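[1] this one's structure only:
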């Protein structure tokens, strides 16, 4: 099972994650991950949900994949990397269950 397949089990159409758009960025998205790499996710969080929901989501992904997971919002990205991440983030699965 790939990381993308495992993510699908966490953020697929039956998920209760409060983020309609989740993208992978960093070494995993670039295909440069090593066994010690972490997983960087970018999430557009639904209104009314925030830090605790993102932390719960990150911990759920860590439980499934067994890797350290960081979740950021577009506004939470450092300015120096924001444009690059927003252009290059990969969507592992749409909320409708289809890969993008």
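    Done, it's in. Being a predicted model, the structure only gives us computed values, none of them experimental.

[2] where along the chain do the helices fall?
    Secondary structure of the chain (DSSP state H): helices at 3-11, 27-30, 51-65, 79-88.

[3] can you redo these as TSV with distance to residue 44?
    C-beta coordinates here come from the backbone N, C-alpha and C atoms, glycine included. Converted to TSV, the helices of the chain look like this (distance: least, CB to CB, whole Å):
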stretch	distance to residue 44
helix 3-11	12
helix 27-30	16
helix 51-65	11
helix 79-88	11
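
[4] Now render those helices as CSV, adding mean neighbour count, distance to residue 17 and mean pLDDT.
    Output for the helices of the chain, formatted as CSV (neighbours: other CB atoms under 10 Å; distance: least, CB to CB, whole Å; pLDDT from 0 to 100):
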stretch, mean neighbour count, distance to residue 17, mean pLDDT
helix 3-11, 18, 5, 66
helix 27-30, 17, 18, 84
helix 51-65, 16, 5, 84
helix 79-88, 12, 19, 88
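
[5] Residue 71: which of these is closest?
    Of all the helices of the chain, it is helix 51-65 that lies closest to residue 71, at 4.5 Å by CB to CB.

[6] List the contacts of residue 57.
    Counting by CB atoms under 8 Å, 6 or more residues apart in numbering, residue 57 touches 10, 17, 19, 43, 71.
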